[in-house]
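# Need coordinates for the following:
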Amino acid sequence: MSIPLYRMEEHNEAYYYWNLFIEKGYIGKSGNYLLHVDHHDDMEGGGYDWDFTRSDVSSDISPDVLSDVSSDISLEEARELAYGRLGIADFIIPAIYQGIFSEVHVVKSLVRKPMVLEEQFVKCVGGCELIRGKMIPFLHASWRGRADSPYRFFTWREGGFEPITIERDLVLDIDLDYFCWDDSLKSVPPKRMEITEQAYQEFVQNPYHPFRILPKRLLRAEEEAGGYYLVYEEHIPRKEPPARERILKRMDKLLGWFVECGLEPKAIDICRSRCSGYLPAGVHPWLEEEFIQKLRKMMDIEIM
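Predicted coordinates for the structure are as follows:
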């Protein structure tokens, strides 16, 4: 059977596709293995305008280890959450809390590093806040496998290019910026949104404006040719992307590891990250096309 492969523009969409994989029967409802290949772990949590506890825990799941507990959510709800609430760095934590994944393996380094293995949890506070932490047996063990638990336990792995054996249904999740940047933030261009003159004046005249006292000072207001703009910019020196030959070597190294481990994903999703700017326009689409061609040589994939 061919392995279905889905492509997306930005990574928050993955949450929707993972629920689609469940609906189509590619993967189980819970307890799957996520292999996340990206320059970022995307494991941010936080508070949301969303009640994560409103769905009942599925009655057809009999959990006995870790976080094999699944909450029912419709595909339309998954779409609403992915596109209306989640960003490009916090879409994995909700999937863990939902129970989709009980093992999360992040490969973000381009060089071989020792594998980090740790039992962790995602806890839901007040129905709307998701917190990630390290599992401490004498504090958390009694919550394992309980349907009323505010915790979802999972195995965390970080590091790549060591032999691994995966016994659960595997979702291969790849951000194409992995092949291109040693520090992806250096590629993100300034972004701006036009605002009213009144909003501009409120921003520049009030040193305690809510947008001026964010954790990072990444927003500023500008006036240009009679227009007023709110500008977002990461103040990091930009570099040219690595040479094509270097990118191709990175692909071969990753895919060689896939072959060594005998990876057999049940479904694959690929993120372009070109709208956010993490993958430069000059690199796409040839990078995507090249990677898919190489992937075809080692797996029977079907572009969906």
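# Show me what counts as buried in the longest strand along the chain.
In the chain, with assignment by DSSP state E, the single longest strand is strand 116-125. By neighbour count on 16 or more other CB atoms under 10 Å, the buried set for strand 116-125 is 120-124. Where you see a C-beta, it was placed from the backbone N, CA and C, and this is true even at glycine.
# Then stretch 202-209?
F203.
# Now do the end-to-end distance for it.
Its first and final residues considered, stretch 202-209 spans 7 Å by CA to CA, to the nearest Å.
# any idea how far stretch 287-304 is from the chain center?
21 Å (CA atoms, centre = their mean, to the nearest Å).
# can you list contacts of that stretch?
1-7, 174, 176, 179-180, 247-248, 251-252, 255, 258-259, 265, 268, 270, 272, 279 (CB atoms under 8 Å, 6 or more residues apart in numbering).
# And stretch 13-33, by the same measure?
4, 6, 8, 58, 61, 63, 66-70, 73, 75, 78-79, 81-83, 86, 91-92, 94-95, 99-105, 166, 168-171, 173, 266-267, 269, 271.
# Now name the helix or strand holding R220.
strand 219-224 (DSSP states H and E).
# Point out where the chain drops to low pLDDT.
55-71, 182-187, 238 (pLDDT under 70).
# helices and strands around the biggest helix by length in it, which ones?
Ranked by number of residues, the top helix in the chain under DSSP state H is helix 244-261. If you count contacts as 3 or more CB pairs under 8 Å, 6 or more residues apart in numbering; DSSP states H and E, helix 244-261 packs onto helix 286-298.
# Report the buried residues of the helix or strand that the helix it packs on is followed by.
Using DSSP H and E, the helix or strand that follows helix 286-298 towards the C-terminus is strand 301-303. Neighbour-count burial for strand 301-303 flags I301 (criterion: 16+ other CB under 10 Å).
# Strand 301-303 pairs with which strands?
Partners of strand 301-303 in the sheet, by DSSP bridges, are strand 3-8 (parallel).
# And the helices in the stretch 1-150 of the chain?
All helices of the stretch 1-150 of the chain, identified by DSSP state H, counting those that start in this stretch, fall at 14-23, 75-84, 92-98, 137-140.
# Fine by me, we can end here.
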